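Student: Whatever this is, show me its structure:
(one chain, ligands or ions: 2)
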Amino acid sequence: MNLFSHRIELIDHLSYDEDELLSYFKTSTFISRYSFEPPEAFLLAPILWNDNWDNLDNYPMINNIVKQIKEYKNTIKWIDLLTQAPGTTTPPHIDGGRQVALNIPVQSEGMCGINIYKRTKNKGKSDAIGSTIFDESEVEKIASINYKLPVIINTAVPHGAFNYSNFKRKILTIGFAPNFNFRRIRELYKNYGLSQ
Ligand SMILES: O=C(O)CCC(=O)C(=O)O
Ligand SMILES: [Fe+2]
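Tutor: Ligands and ions are numbered 1, 2, ... in the order given. All right, here's what the predicted structure looks like:
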């Protein structure tokens with residue numbers, strides 16, 4: 001068991017076309033549902049909210065990806081296109097509305113990825129979408145992970161994104177329903193195959 005096995009896990013057998021995913025970022029309207037500073041540093045364009053599966057008809061490659069995930073209609077609740085501005089970080093936070101996410105890098109050049117922090121008893125501050133935001137000084141960083149392949153991430157413990165490159169960073173982020181935690185989703189993946 002490696003040090004981060006309860007925080008992040010590589011998902012190495014999904015198949016998808018990156019260029020097609022990239023094209024969705026051009027057509028979507030970006031709405032920031034985060035209160036990170038500056039707010040435009042980290043934009044989430046919602047594709048699927050609360051099981052509104054009809055929306056996916058407009059995004060065939062995303063449809064193709066979710067169909068590779070076992071029991072997707074029971075487990076997946078949110079799908080967002082996330083764009084992070086060059087030279088920005090997001091503060092340490094715990095996600096609102098989900099405990100675990102499958103993040104697929106779509107455009108990820110150079111030094112960008114996530115920071116992982118120790119658990120904390122600190123209460124942090126709530127933001128507009130129910131995430132809990134911490135000051136950097138309230139938490140201890142344990143790792144920076146520059147990931148270029150799909151991963152599942154434990155978003156119920158403090159984490160934050162960084163993009164020290166000169167390019168926009170773009171990821172597809174698939175949020176599981178809040179009753180599924182990282183361990184459960186990882187077990188689905190390890191024991192039965194997250195994909196079907
Ligand atoms: O940008 C990332 O890789 C992680 C972003 C994040 O905070 C999340 O997916 O919950
Ligand atoms: Fe997050």
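Student: Which neighbouring elements make contact with the helix or strand harbouring Glu187?
Tutor: Per DSSP states H and E: Glu187 is located in helix 182-187. If you count contacts as 3 or more CB pairs under 8 Å, 6 or more residues apart in numbering; DSSP states H and E, helix 182-187 packs onto strand 100-107, strand 151-154. Where C-beta positions appear, they are placed from N, C-alpha and C, glycine not excepted.
Student: can the ones you listed go into CSV with extra columns for mean neighbour count?
Tutor: Converted to CSV, the helices and strands packed on helix 182-187 look like this (neighbours: other CB atoms under 10 Å):
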stretch, mean neighbour count
strand 100-107, 22
strand 151-154, 22
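Student: how about these in JSON lines, adding distance to Lys170 and mean pLDDT?
Tutor: Output for the helices and strands packed on helix 182-187, formatted as JSON lines (distance: least, CB to CB, whole Å; pLDDT from 0 to 100):
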{"stretch": "strand 100-107", "distance to Lys170": "4", "mean pLDDT": "98"}
{"stretch": "strand 151-154", "distance to Lys170": "15", "mean pLDDT": "96"}
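Student: Looking at those, which is nearest to Asn166?
Tutor: strand 100-107 (12.3 Å; CB to CB).
Student: Can you confirm whether that closest one lies near ligand 2?
Tutor: No: Strand 100-107 stays clear of ligand 2 (CB under 5 Å from the ion), getting no nearer than 7.0 Å.
Student: cool, and stretch 63-83?
Tutor: No: Stretch 63-83 stays clear of ligand 2 (CB under 5 Å from the ion), getting no nearer than 9.3 Å.
Student: Buried residues in that stretch, which are they?
Tutor: Buried residues in stretch 63-83, counted by 16 or more other CB atoms under 10 Å: 64-66, 68-69, 72, 75-83.
Student: lowest average confidence, helix or strand, in this protein?
Tutor: Of all the helices and strands that make up the chain, strand 42-49 has the lowest average by mean pLDDT, DSSP states H and E, namely a mean of 83.
Student: Show me what the following helix or strand past that strand packs onto, helices and strands only.
Tutor: Downstream of strand 42-49, the next assigned helix or strand under DSSP H and E is helix 60-66. Identification of packing neighbours for helix 60-66 by 3+ CB pairs under 8 Å, 6+ apart yields helix 18-27, strand 76-84, strand 169-176.
Student: Quick one: name the residues of the protein near ligand 2.
Tutor: With CB under 5 Å from the ion as the criterion, the chain meets ligand 2 at residues Asp95, Thr155.
Student: any low-confidence regions in the chain?
Tutor: 1-5, 27-33, 35, 191-196 (pLDDT under 70).
Student: How about it: which residue is closest to ligand 2?
Tutor: Asp95 (4.3 Å; CB to the ion).
Student: quick one, what contacts Ser126?
Tutor: Listed by CB atoms under 8 Å, 6 or more residues apart in numbering, the contact set of Ser126 reads Gly96, Thr132, Ile133.
Student: can you check Tyr164 too?
Tutor: Listed by CB under 8 Å, 6+ apart, the contact partners of Tyr164 are Gly87, Gly110, Met111, Cys112.
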